[in-house]
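Asks: Structure for this input, please:
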Amino acid sequence: MKKDVSENRFRFTKMEGLGNDYVYAEEFGAMLRNAPEIARLVSDRHFGIGADGLILIGDSDKADFRMRMFNADGSEGEMCGNGIRCVGKYVYDHGLTLKTTVTIETLAGVRTLRLTLAGGKVRLARVDMGPAILEPEKIPLDAPGKDFIDREIVVDGKTYRGTAVSMGNPHCVVFVDNVDSLDLEAIRVMDTRSALRVLTGLEGVGLKVASCVLLFGVIRPSDAQLLPGGGKLSRLMYRLGLWKKDERVRRV
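Replies: Numbering: from 1, shown residues only. A predicted model of the protein is given here:
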């Protein structure tokens, strides 16, 4: 039975960063009740507003603001790079701050945003995501060794090679020769049916599928998203020597 969310009335803003779209709402003074159920309702692209999830902006005793992010299925995620950049634009354009360097508390820690203005509004927002995390225990991932780079993953008898990485949210990165020929439905379940067992219960875990110049992001349990964690994947590709600076990344 669905929880009653009728007592929740709030104003919202729909925003997107590189096509990664969320519904944004304020929760200053009191946290929004039944946030997971609300996230499921508003994210529905047929009967709701339609979004990759819900992001709530509130007070923080550690930073200028706090951000809570819920995926389309209601699970709470630690961090979203595109989402937090939109938070920066929201708080400035709505007059909640006059700062152009803003700190945001997330479940992955405090992140710093640097805002570029044009005509009194935020035109660009940059976020310091910190270094890529490759150590399994810090991702967190239940796997031996000092990292999980280019290891064999078997799904339904088919072998892939994957790399686990986190920039606040755990992901598995798989490099392939041709993105367009992939069976995305089969790959979508890789993180739940493979040897990868994330200690956090797999909520918010995603799968990045890429060749050196092609990029596709599939986030479980949300619908396929246009470009989540693009910077994360680019950093990893460059670090592993699989992407040269003069190569282009195509968003699919």
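Asks: Skipping adjacent residues, who's closest to Tyr24 in space?
Replies: Counting by Cβ to Cβ, 6 or more residues apart in numbering, the nearest residue to Tyr24 once its immediate chain neighbours are dropped is Thr13, at 4.6 Å. Just so you know, the C-beta spots here come from the backbone N, C-alpha and C atoms, and that holds for glycine as well.
Asks: Confirm that the one you found sits in a strand.
Replies: Yes - Thr13 forms part of a strand when assessed by DSSP: H, G, I helix; E, B strand; the rest coil.
Asks: residues contacting it?
Replies: Thr13 makes contact with 23-25, 90 under the criterion Cβ atoms under 8 Å, 6 or more residues apart in numbering.
Asks: And Ala25, by the same measure?
Replies: Taking Cβ under 8 Å, 6+ apart as the definition, contacts of Ala25 comprise 10-13, 32, 54-57.
Asks: Now do whichever strand or helix holds it, average pLDDT.
Replies: With the criterion set as DSSP states H and E, the secondary-structure element containing Ala25 is strand 20-26. Summarised as a single mean, pLDDT over strand 20-26 is 95.
Asks: Now the helix or strand just after it: buried residues?
Replies: Proceeding C-terminally, strand 20-26 gives way to helix 35-43 as the next helix or strand, assigned by DSSP H and E. For helix 35-43, the neighbour count (16 or more other Cβ atoms under 10 Å) marks 35-43 as buried.
Asks: I'd like to know which elements helix 35-43 is packed against.
Replies: Of the remaining helices and strands, those touching helix 35-43 by 3 or more Cβ pairs under 8 Å, 6 or more residues apart in numbering; DSSP states H and E are strand 53-58, strand 65-71.
Asks: Serialize the ones you listed to CSV and add fields for distance to Leu124 and mean pLDDT.
Replies: Conversion of those to CSV gives the following (distance: least, Cβ to Cβ, whole Å; pLDDT from 0 to 100):
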stretch, distance to Leu124, mean pLDDT
strand 53-58, 19, 97
strand 65-71, 18, 95
